[in-house]
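1. Provided below for reference: sequence and predicted model.
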Amino acid sequence: MIRVLIGSLVGGIAMFLVGFIFWATPLNRVGISMLNDQQSANVQSALSANVPHTGFYVVPTPDTAGGTVLYGKGPVALLNYNSAGYSTADGKVMIGGFIQEVVVSLMIGFSLLAVAGRVTDFASRARLVVGFAATGTVLVSISDAIWMHGDWRYAIYAVVANSCMFIASGLVIARWFLPKGPTLH
């Protein structure tokens, strides 16, 4: 159990580093669309004038007769909105994100520990890690693209990035921090 706790911390570090590469470097431009400065200022001004508070919005709302017509005509937006703004180098966010990744790594570690006595070789453990990483990230990351007609480029990038983060943590734990299987003679 102590090995899994230590492994989850190391797995969280691996997840953080892989996540940094995908989300905090220019590589993220593969999945994220950008506006120029003037477009950004125009959209920011419209947002601050019309969106009341931080939240996740569907624009226009399809819950009214008028909104349904507007929704059908387009354009439509899924708006993950923060009314206050924040620094892109916010230390609290980095710490909070790292804690989240260690917690996720703990969940991975305890899940692998639960089957460690039956799944004893690294190759089988690695297949479980990759399978569950792909399953979870495909469900979460592709859902908006399917159900809300969201951006496929971002969704596919998110699947790759988040799967790599999950897999990095899981493989570290599976390789170095689980009980060893029986030796075959």
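-> Yes, it's here.
2. what's the nearest residue to the residue most central in space within the chain if we skip its chain neighbours?
-> The centre of the chain sits closest to residue 162, judged by Cα atoms, centre = their mean, with a distance of 4.9 Å. Leaving out its chain neighbours, the residue that sits closest to residue 162 by Cβ to Cβ, 6 or more residues apart in numbering is residue 137, at 4.3 Å. Glycine gets a C-beta too; all of them are placed from N, C-alpha and C.
3. mind checking the SS state of that neighbour?
-> helix (DSSP: H, G, I helix; E, B strand; the rest coil).
4. Wait, the residue nearest to the centre of the chain touches residue 141, no?
-> Yes. If you go by Cβ atoms under 8 Å, residue 162 and residue 141 touch, sitting 6.0 Å apart.
5. what's the spacing between the helix or strand of the chain with the lowest mean pLDDT and its chain's center?
-> Lowest mean confidence among the helices and strands of the chain (mean pLDDT, DSSP states H and E): strand 77-81, at a mean of 91. With Cα atoms, centre = their mean, to the nearest Å as the basis, strand 77-81 stands 17 Å off its chain's centre.
6. for stretch 80-91, same thing?
-> The answer for stretch 80-91 is 17 Å, by Cα atoms, centre = their mean.
7. Start and end of it, how far apart?
-> 21 Å (Cα to Cα, to the nearest Å).
8. about what we covered before: what residues sit buried inside whichever helix or strand comes after the least confident helix or strand of the chain?
-> As assigned by DSSP states H and E, the chain's next helix or strand after strand 77-81 is helix 91-115. Using 16 or more other Cβ atoms under 10 Å as the test for burial, helix 91-115 gives 97, 101, 102, 104, 105, 106, 108, 109, 111, 112, 113.
9. With stretch 28-43 instead?
-> Quick answer for stretch 28-43 (16+ other Cβ under 10 Å): residue 31.
10. contact partners of the least confident helix or strand of the chain?
-> 47, 51, 54, 55, 56, 57, 58, 59, 144, 148, 150 (Cβ atoms under 8 Å, 6 or more residues apart in numbering).
11. Next one: the residue nearest to residue 70 when sequence neighbours are not counted relative to residue 83, how far apart?
-> Spatial nearest neighbour of residue 70, excluding adjacent residues (Cβ to Cβ, 6+ apart): residue 60 at 4.0 Å. Note on residue 60: its distance to residue 83, by Cβ to Cβ, to the nearest Å, is 19 Å.
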